[in-house]
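1. Make a model of this:
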Amino acid sequence: MSPITFNSPNLKNARKNLRKTGTEAENKLWKFLRNKALGQRFYRQFGIEYFVVDFCCWQKKLVIEVDGEIHDQKETVERDFERQSFLASLGFKFLRFKNQEVLENISGVLVEIRRWV
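-> Down below sits the predicted model:
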C-alpha cells in the first residue's frame with residue numbers, strides 16, 4: 001500500500017475556506033481540542049487523501065466529524081458512509097457528533113473523545 005497523502009496542496013484552499021466558515025459547533029469543539037488540550041495534537045479541517053475531515057489526531061488515527069442537519073439527507077448519508085469506509089480501510093477510527101450534541105453537551109463529547117485518545 002502506498003503512503004497516505006495528508007493535506008494535499010490541491011485541497012489547501014478548500015481546507016482554508018472550511019476553517020473560515022466553520023459552524024458554531026465546530027468552533028466550540030476546536031477550543032477544547034487545540035494546543036494539545038487533551039494530551040494529543042489535533043488538526044482542524046485536515047486533508048486525508050482526497051477528503052477533508054473536521055478534526056484529526058493522526059497519531060491515534062482518529063477522525064472526529066461534527067455533523068449538521070444536512071448529514072441526515074439520504075445522499076449525504078451515503079457519501080459519508082463511503083468516505084468513512086474508505087478512511088477506515090486506511091486504519092482511521094471515526095467519532096461522529098451532531099452539532100446540537102456539541103453545543104448542548106460539550107462535557108459528554110469530551111468524555112467520549114478522551115476514551116479514544
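
2. same for the longest helix seen in the chain, what does it pack against?
-> Using DSSP state H, we find that the single longest helix of the chain is helix 74-89. Applying 3 or more Cβ pairs under 8 Å, 6 or more residues apart in numbering; DSSP states H and E, one finds that helix 74-89 contacts strand 51-57, strand 62-67, strand 93-98. (Each C-beta comes from the backbone N, C-alpha and C, glycine too.)

3. Tabulate those strands (JSON lines), appending mean neighbour count, distance to Q40 and mean pLDDT.
-> As requested, the helices and strands packed on helix 74-89 are exported to JSON lines (neighbours: other Cβ atoms under 10 Å; distance: least, Cβ to Cβ, whole Å; pLDDT from 0 to 100):
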{"stretch": "strand 51-57", "mean neighbour count": "21", "distance to Q40": "5", "mean pLDDT": "96"}
{"stretch": "strand 62-67", "mean neighbour count": "22", "distance to Q40": "8", "mean pLDDT": "95"}
{"stretch": "strand 93-98", "mean neighbour count": "16", "distance to Q40": "13", "mean pLDDT": "95"}
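
4. nearest to W116, of the ones you listed?
-> Closest to W116 of those is strand 62-67 (Cβ to Cβ; 5.3 Å).

5. And the contacts of that closest one?
-> 23, 25-26, 29, 33, 42, 48, 53-57, 80, 87, 92-99, 102, 113, 116-117 (Cβ atoms under 8 Å, 6 or more residues apart in numbering).

6. sorry, back to before: any chance of the helices and strands packed on helix 74-89 in JSON lines, with distance to K16 too?
-> Shown next, in JSON lines, are those (distance: least, Cβ to Cβ, whole Å):
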{"stretch": "strand 51-57", "distance to K16": "10"}
{"stretch": "strand 62-67", "distance to K16": "18"}
{"stretch": "strand 93-98", "distance to K16": "23"}
